[in-house]
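Novice: this one's structure only:
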């Protein structure tokens, strides 16, 4: 495959209006700019830092069917509920963490759990322009030793021109199998915080230190990139209502 040769590191930088467009353009740039890097899982990856700006994250269409890799269409809704509502928090003792648990009930040794999202809302109610409204996931006394530590590191919020902006920072992000679902769920968290504040939603920025595709998926990656280039993947864009109708039909 043409990207298997070493290239000078490029940075994926995308500005797009809607989520499906942003995700597609990020894949195109990763294919063109990424370099081959070893991983801790015994295989290589094509990899690049990435900054993805979605100017209108709640403008339709919001769904890209190619980006839902949770096994079923309903999986996207379940993932949102995991992040925003904590439907899997009861499994934390078995699975080490969930994003909801880290954001809404961050545990410090010897201390009480901290609802960071609640504190974000409190801070922005008092000072909408604050640069200090953020929630983290990393626990340095624990996470470096985990087999699969959290990829999400930090969510940063600020009210800009009456709208809630959100920046998400990922240490690692599987561009093909996780990024779209991550962005969709995190924008739903953005919507949740905006509602708590009583403001509209604004732009969304997704930042990944390692935006990558694993070697086992390169064939699929190349095929998807070709489909994006010829416009075939736009047939997989759906509005939220169209997607919900599809989910209902499969019940």
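Specialist: Noted; the coordinates are in hand. As the structure is a computational prediction, the values presented were derived from the model and not from experiment.

Novice: where do the helices sit along the stretch 51-200 of the chain?
Specialist: Read by DSSP state H, counting those that start in this stretch, the stretch 51-200 of the chain holds these helices, from start to end of the chain: 74-84, 92-95, 99-104, 116-126, 179-197.

Novice: by mean pLDDT, show me the worst of the ones you listed.
Specialist: Per-segment mean pLDDT for the helices of the stretch 51-200 of the chain reaches its minimum on helix 92-95, at a mean of 87.

Novice: roughly how far is that helix from the heart of the chain?
Specialist: Centre-to-centre, helix 92-95 and its host chain are 21 Å apart (Cα atoms, centre = their mean, to the nearest Å).

Novice: then stretch 232-251?
Specialist: Counting by Cα atoms, centre = their mean, stretch 232-251 comes out at 20 Å from the chain centroid.

Novice: could you give me the buried positions within that stretch?
Specialist: 233, 236-238, 243 (16 or more other Cβ atoms under 10 Å). From N, CA and C alone the C-beta is placed, and that goes for glycine too.

Novice: same question for stretch 15-27.
Specialist: Buried residues in stretch 15-27 (16+ other Cβ under 10 Å): 16, 18-27.

Novice: ok, stretch 110-127 next?
Specialist: Of the residues in stretch 110-127, 114, 116-117, 120-121, 123-124 count as buried by neighbour count, 16+ other Cβ under 10 Å.

Novice: what's that stretch in contact with?
Specialist: Surrounding stretch 110-127, the residues in contact under the criterion Cβ atoms under 8 Å, 6 or more residues apart in numbering are 103-108, 130, 132-136, 155, 157-159, 164, 189, 192-193, 196-197.

Novice: ok, now which ones touch the residue nearest to the spatial centre of the chain?
Specialist: Closest to where the C-alpha atoms of the chain average out (Cα atoms, centre = their mean) is residue 182, at 2.7 Å. With contact taken as Cβ under 8 Å, 6+ apart, residue 182 is in contact with 151-152, 168, 170, 173, 206.

Novice: closest one of the residues you listed to residue 88?
Specialist: Here the nearest of the contacts of residue 182 to residue 88, counting by Cβ to Cβ, is residue 152; it sits at 14.6 Å.

Novice: what's the per-residue pLDDT of the closest one here?
Specialist: Listed pLDDT for residue 152 reads 98.

Novice: which ones are touching it?
Specialist: 99, 102, 137, 168-170, 182, 186.
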